[in-house]
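In: sequence first, predicted coordinates after that:
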Amino acid sequence: MANQDQDMRQEQLHFQECLDIIGQNVARYEQEYEQRHAQVQELYKAINSGDVELYNQLMTASSLEEHAAASLRKNRAAQDKPYFGRIDYTENATELEQQVYIGKNGVFRNKTDVLIADWRAPISSVYYENELGQREYGLPDEKPISIDLRLKRTYSVENSRLLGYYDSDVASNDELLVQYLSKNKDAVLGEIIATIQKEQNAIIRKSPFANLIVQGVAGSGKTTVAMHRISYLLYNYKHRFESNEYCIIGSNDLLLNYITSGLPELDVPNIKHMRMDQLFARLCEKDWVKKNKCLEPDGGPCSTAPWRCTLSFMQELELYLLHLREDLVDLSPLKDKQIGTILSESNNTTLYQENPTFSICTLLTTLDERVKTRIKFLMSGEDRDRLQAKLKEHAGHYKARRPTLSIYELYLAYLRQWWDTHGDTLRTAAPAQGDPQTADSSSAAQAWQAHLDHLQRREYDVYDIAALALIHYRVYQKAPNEEFGLLFLDEAQDFGIGIYYVLRTLLPATYFTIMGDVSQNIHYDTGLNDWYELQKLFLKNERDQFLLLQKSYRNTIEISQYAGRILEKASSGRYKIQPVIRHGIPVEEARFWSDLEMAEHAAGLIAGIQAKGYHTTAVICRDEKDAAKAHSLLSPLTPLTDGAAANFSTGTMVLPIRLVKGLEFDAVILWNLDMQHGPDDPRQAKLLYVAATRALHELHVLNC
């Protein structure tokens, strides 16, 4: 006991020393920032007055100003909670003993000495591994350093006060984790830096030079892991990837705004983020979005999306474009009566075969350039006027074969060919899993015509835009797209495999981190219900990996068990939930005689939830129609937050299941989803599983 008291006194002294140094740093960086900022402003004025020779000085001063601002921001952030962990270890090779404190922000004692290690630093990975004894750590992509980990200590810190600590000698930090999970949910992405688990840490710190597919059950931290991975990679690989090479892809604006709201806390600058349809529009023609309209894909009855989302649809489009390429690119020899063979068939064929990623227009342009070079070689030393005449005679020989149809017209031509090939089969085939649920033999033709009508109005869904981007890439693209170095896809199961085929084709040099849960595929006929085909597309190299997150950190035991019964039907028991031991109130199930009676009960629940101090509540409905009805019934009874604004906020939101994927709330009320026994249809089971697993602390199931 005496040793513990002495240890605590030493910890308190060290904690105060850190606060003092951080305070000194803040004062120093405030002064430095003010000086740098004033210097930059003066240089701007001088340059605007015409003294352009000061431009290099301005760039240097701006860089120093930015560094001072970043250092000031980190030290200010560290004042409230300087660190959360400590490790003591001995380096085996040198027998040097080290003591490292770990925090959300790295803090320096002076220009060279580290006071608190940043959680993203290589040594910090030892803390997250949790186990004492022989460990390893190392700089990214370098030989690991062997150490003997003797102590792992976790601190409880709030409002610049050290409240206590505990030491771990087993693979667990659940005590701190449960404390964190028991807190209320604010309207931002939850911070898990102090509670990152071993399996999450392994994914966060994977090399960026690899494609990762992560299957994670609801509440396993997929989204937060992806965001912390971005923060880690920006910190450790800044020499390899610029921040503008990163991009987050989500299925809807509400999810993207929810994700990006937490990025500033992770020291992540304003990196790109967009929906999947926006990404393909960006990979398409310039100003495509201004001329066209994006639609939500409809996977229900009388829809063509289940056909167009497939791998075979995109591969048949590739074959169609290959035939177009063969028709337009003339590989026969180009001869001239005066100077002989300009380009031989063998040379043309070699160019064609060695550049399979060249678009048709790029190939034709390259052939024309070769014509110029070859004519100049064959007529070297001849009269200049005769040379110019010969160049003019053959100028644009291949360019004249450029396609005249737009990508839209080429897509329509392909669709007509595809329907001519498959239409009879689709009209007579019985409905089956993966096909539209047709009501009669003419529904397929009606669905196809309805889709063509949308296209004529220039209305496209994500599968159309992906196809258009592929056409642009194969026919018109001038140079490879180098905008995206690293793509992070959340809720990846929402999209069919055809989408990923096009992504992999258009961005062959990009590395992908793909996060999802096939048990949460609410677009059953168009999304991914297993990972098999995606693994074949992306996991080609030794570093590429398929990883699992099976432990749920979101829900209480009561909610997890309730959701687990649904999961058995949603994924046939393939991916089971392993909940953190955190108990809460039982799941409420109640039935009512009318919608109005149910609304009155829900309003009472919402008032009780708010009285407990919870910040976020969701009333989750099956679709937009039900959400509108629930909103109209509840709005006179209780204050509601506008869920249509695409912003995740505090209060009570009424939302369809489609918009809650990837989000979490303190309390959830399921509105008329009838989950008493769980449906046998896996389509419905996945919808219900998504809805039930949004709740952190309370789940109420109301039906009438």
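Out: The structure has been received and is ready for your questions.

In: what mean pLDDT would you report for the helix or strand residue 116 falls within?
Out: Following DSSP states H and E, one finds residue 116 within strand 114-118. Average pLDDT, strand 114-118: 94.

In: and what of stretch 38-53?
Out: Mean predicted confidence for stretch 38-53 is 83.

In: likewise for stretch 397-413?
Out: Averaging pLDDT along stretch 397-413 gives 93.

In: quick one on the thing from earlier: and the strand holding residue 116, which strands flank it?
Out: Here strand 114-118 is paired, per DSSP bridges, with strand 97-103 (parallel), strand 107-108 (antiparallel).

In: those: which one's closest to residue 114?
Out: strand 107-108 (6.0 Å; Cβ to Cβ). (C-beta placed from N, C-alpha, C; glycine too.)

In: flag every buried residue along the strand holding residue 116.
Out: Using 16 or more other Cβ atoms under 10 Å as the test for burial, strand 114-118 gives 115, 116, 117, 118.

In: how distant is it from the center of its chain?
Out: In terms of Cα atoms, centre = their mean, to the nearest Å, the centre of strand 114-118 is set 29 Å apart from its chain centre.

In: so which bits of stretch 7-17 are buried?
Out: Those would be 11, 14, 15, for stretch 7-17 by 16+ other Cβ under 10 Å.

In: among the residues you listed, which are in helices?
Out: Residues of those located in helices (DSSP state H): 11, 14, 15.

In: which parts of the stretch 351-500 of the chain are strands?
Out: Assigned by DSSP state E, counting those that start in this stretch, the strands in the stretch 351-500 of the chain fall at 459-460, 486-489.

In: do the same with the stretch 101-250 of the chain
Out: With DSSP E, counting those that start in this stretch as the criterion, the stretch 101-250 of the chain has strands at 107-108, 114-118, 133-137, 145-158, 161-167, 212-216, 246-250.

In: check what contacts the first one and list those residues.
Out: To tie it back to what came earlier, the one meant is strand 107-108. With Cβ atoms under 8 Å, 6 or more residues apart in numbering as the test, strand 107-108 has contacts from 18, 21, 22, 25, 74, 75, 78, 82, 114, 115, 116.

In: cutoff 10 Å now
Out: Contacts with strand 107-108, where a contact means Cβ atoms under 10 Å, 6 or more residues apart in numbering, come from 18, 21-22, 25, 71, 74-75, 77-79, 82-83, 101, 114-118.

In: now that strand: mean pLDDT?
Out: Strand 107-108 shows a mean pLDDT of 92.

In: what bridges to the residue nearest to residue 672 when sequence neighbours are not counted?
Out: Nearest non-adjacent residue to residue 672, counting by Cβ to Cβ, 6 or more residues apart in numbering: residue 703, 5.5 Å away. Beta-bridge pairing for residue 703 (DSSP bridges): residue 591.

In: you'd agree residue 703 is up against residue 670?
Out: Yes - using Cβ atoms under 10 Å, residue 703 is in contact with residue 670, at 8.2 Å.

In: circling back to that earlier point, for the residue nearest to residue 672, what are its contacts?
Out: Taking Cβ under 10 Å, 6+ apart as the test, what residue 703 contacts is 589, 590, 591, 592, 598, 670, 671, 672, 673, 674, 675, 676.
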